[in-house]
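A.B. asks: Build me a model:
(chains A and B)
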Amino acid sequence: MLFNSLSFVVFLIIVMALYYAPLFNWKNKKRMLLLASYTFYGLWNPPLILLLWISTVVDWTTGNKLVKEENQRKRKMWLLLSMVVNLGFLGFFKYGDFLLENFVSLMNVVGVDFQAQPMDIILPMGISFYTFQTMSYTIDIYKRKIQPANTFLDFALYVTFFPQLVAGPIVRAKDLITQFYEPKRATVNQFLFGLFSLTLGLFLKVVLADALMASTSDAVYDSKDILHFWDAWAGTLAFSGQIFFDFAGYSTCAIGIALMLGIVLPDNFMYPYASIGFSDFWKRWHISLSSWLRDYLYIPLGGNRHGITRMYVALMLTMLLGGLWHGAAWTFVVWGALHGIYLVIEKLLKSSIKIKINAFNGIILALLTYTCINFTWVFFRARSFETAQNVLTSMLYLNPEGKAIIGGFDLLKVFALTAILFFCHWFMRNTKVETVAGKTPTWLLGVVWAAMFVLICIAQGTGEQFIYFQF
Amino acid sequence: MKLKKSFFIALLLSVIALGYWEYHLRSQGYIAVIDDNKALWAETYKKVQKASSEDVVLLGSSRVHFDIQVDTWEKKAGIKPIMLASDGTTPTPVFKDIVNNTDYNGLVVIGIAPGLFFTPNSRDVFFWNRAAVRLEHYYEGTYAQYLNHKVSIPLENSFAFLNGNEEDWNDDVDLKTMLEQIRIGERAQSPIPPFYNFAKVDLDRNVTMFEKTETDTAFANTIIKVWHFLGKGAPPAIKEPVIELYNELIPRFEARGGRVVFLRNPSTGGTRFGENMAIPRKDFYDEFLKQTNSKGYHFEDYEQLNQFDCPEESHLYTPDARIFTAELVKIMMNDGLLINTKTN
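C.D. replies: Sure thing, here's the model as predicted:
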């Protein structure tokens, strides 16, 4: 089920009515939320709920064994079991075809005439998210950082909680499971701010991502032509805006819906396009993934504890795997590699050049960071290296005779929205929506809220899937 | 934060703004219409799975969709046909699916719009792909999509401002389409003339052409321009692979008791002239029927079907479509292809 769909509106009304009606005690409310979460997921593809169940049962069992087991070797075996099951599912469903395709290519390169039919495996929605979430639970118990969930119900709800099930935020057990222990009920202000966040998230997705940005990005990246400089930039900036509005929109909806239930989810985006440097970017973009990669990949790989060279290797490996997490294609690996290279260069520069950031050089550096990030989005969006090369060369003005496919108004729309997006991020980079809303006059907040809602209705989204569902 | 107050201000302003927008659109002539989208088509296709040998399935492109009025058919033949004709598609992939994946063994009427019908049997072909997308939705649509469709119907039926259409007509009033109509300068202008919606569909997928298509010549001309543009850019028609495929499908369908007839609906003016030039009846339609040993109804062969003028050269105005349907049913009854299930 998608947040930007009419069926979800009906679903949410029913869930809220059941949650706040004096029908159930807290335990039964959690059961209701769990059932609602399975319904939310199953309305897409019911059999794939089985994967969720397997993941839930395996990590619940592993967590309980890990906390009791003292034998280090056995503890490792239990951890390994969880990793094999979770990563096995992820590997098979997400990377099965990719691995097969690359194996066939490799065989052909070494002269073995080997052909294989693609397996056409369905990618279970949100598998990358809930797999990482359950793995963090097990690893944290293994490291004795947390205790297992009090009950199976609490754990199952943690794995399946519908607001963040299919596209995050990837919430750590300590931040979410403990919230299920005591009855939760949103205050009126929390409920309404949750509703405001839901409206804001849908506005970002339905109006800004789908209605305003998607068509330009699709036109450029689906084009077989060599494009003109302005068209290539418009397509890339449009995608840069689209993916932010789409994903931040989803996270904002998820946070808002959870808040309406009295549950607090962590922020996932902190105005990333105003980042000063790439390490700052990764503290602001998809925060729950980048912190997961830091804690469960970068640090175990050695982090910065074993010298500079090892640190750079760990950084590059983390970013390469982070790229691959986003999709089973080499273009995503290149995207991750570029970010890794950016981070390494930044660390090298920072160790030799000291810059005191002020308002003036800050915005210049943020703009420079944003520009560099746009080059990485080319690989993220392009379905082939040929397309990426065409767009990149056009962006670098190497195809002055390139074809113009984007109309004058669309160019203006994309460049204007990009400028607004960048400056909004810049002015909001040290604050939060909640703070700004608190300082805004009541009537003005009402007007903004109404404007967003009316535009969502007029946009009449066609229920476009969120981009991150495919990851 | 006084969110309660802000919420009520937002609620009030939203109701006022949307109410005004609805009023404004209705004053511009917009009405509440159902989107003839893949979900509605898939819902209709479900009926084929349960259909008996007495049922009639209508396949084709927009000409069958516009020209056959299902209520008139029901009045004359006693049974409401299942309308599966889809605008801008070739019926072949749907017929293929009926033969391969259903047990249906009744009558199938297949419209032949020459420019769409005599095209390669491939998903790379626009008309085939559009039909395939609908079939795909039938097989792969999720329960969530099904629910969305069900919830959206009463809303689409009530509000003119919810008229965003899967077809992306130039006069749709969703935000994206409205913005797409704004032009600045001459950069990268689309060569396709603007294409405006000229009909509405109901839950049975029965089409009613807007009155203005008949009464407003300037409006009708905008649609004619689109047909001429598409006609000029169309690849050469081919018949061999189409004949080959139908020669494989028809005997299998008939072997289980099914019957197939083909129908060539009227076209007029420049569109008919273009069709006659590029896809001559003798070489294509007649040859197709001969080689597939099939029965067909060509409007030119029946005085009662050849008396209409299409307002935009390609489809019948609804009052004419009712007469056309009644006459066609009568002819088919005389030929023994249909019996009135109610009177018999």
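A.B. asks: Which residue does chain B have closest to chain A?
C.D. replies: B:Ile9 (2.7 Å; C-beta to the nearest C-beta). Where C-beta positions appear, they are placed from N, C-alpha and C, glycine not excepted.
A.B. asks: how would you label A:Ala437: helix, strand or coil?
C.D. replies: Secondary structure for A:Ala437, judged by DSSP: H, G, I helix; E, B strand; the rest coil, is helix.
A.B. asks: residues contacting the spatially closest residue to A:Val433 that is not a sequence neighbour?
C.D. replies: Nearest residue to A:Val433, sequence neighbours excluded (C-beta to C-beta, 6 or more residues apart in numbering or on different chains): A:Leu200, at 7.0 Å. Neighbour list for A:Leu200: A:Thr252, A:Gly256, A:Val433, A:Met452 [criterion: C-beta atoms under 8 Å, 6 or more residues apart in numbering or on different chains].
A.B. asks: Same check on B:Ile9?
C.D. replies: By C-beta under 8 Å, 6+ apart, B:Ile9 lies in contact with A:Thr442, A:Trp443, A:Leu445, A:Gly446, A:Val447, A:Trp449, A:Ala450.
A.B. asks: Dump those residues into CSV; add neighbour count, distance to chain B and secondary structure as well.
C.D. replies: Below are those laid out as CSV (neighbours: other C-beta atoms under 10 Å in any protein chain shown; distance: C-beta to the nearest C-beta, whole Å; DSSP: H, G, I helix; E, B strand; the rest coil):
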residue, neighbour count, distance to chain B, secondary structure
A:Thr442, 16, 5, helix
A:Trp443, 13, 6, helix
A:Leu445, 23, 4, helix
A:Gly446, 23, 3, helix
A:Val447, 16, 6, helix
A:Trp449, 25, 4, helix
A:Ala450, 23, 4, helix
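A.B. asks: Can you pick out the most distant pair from the residues you listed?
C.D. replies: A:Thr442 and A:Ala450 (12.7 Å; C-beta to C-beta).
A.B. asks: show me where pLDDT drops low in the stretch 351-471 of chain A?
C.D. replies: A:461-471 (pLDDT under 70).
A.B. asks: residues in the stretch 201-350 of chain A within reach of chain B, list them.
C.D. replies: Residues of the stretch 201-350 of chain A found near chain B (C-beta under 8 Å from any C-beta of the partner chain) are A:Val207, A:Asp210, A:Ala211, A:Leu212, A:Ser215, A:Asp231.
A.B. asks: Of those residues, which is the most crowded?
C.D. replies: Comparing these by number of neighbours (other C-beta atoms under 10 Å in any protein chain shown), A:Asp231 comes first, having 28 neighbours.
A.B. asks: secondary structure class for that residue?
C.D. replies: Classified using three-state DSSP, A:Asp231 is helix.
A.B. asks: Might you report the residue contacts of the closest residue to it other than its chain neighbours?
C.D. replies: Distance criterion C-beta to C-beta, 6+ apart; nearest residue to A:Asp231, sequence neighbours excluded, is A:Ile406 at 4.8 Å. Contacts here follow C-beta under 8 Å, 6+ apart; on that basis A:Ile406 touches A:Thr216, A:Ala219, A:Val220, A:Trp230, A:Asp231, A:Ala234, A:Gly235, A:Val414, B:Arg187, B:Ala188.
A.B. asks: doesn't B:Ile192 make contact with B:Lys225?
C.D. replies: No - B:Lys225 lies out of contact with B:Ile192 (C-beta atoms under 8 Å); the separation is 9.4 Å.
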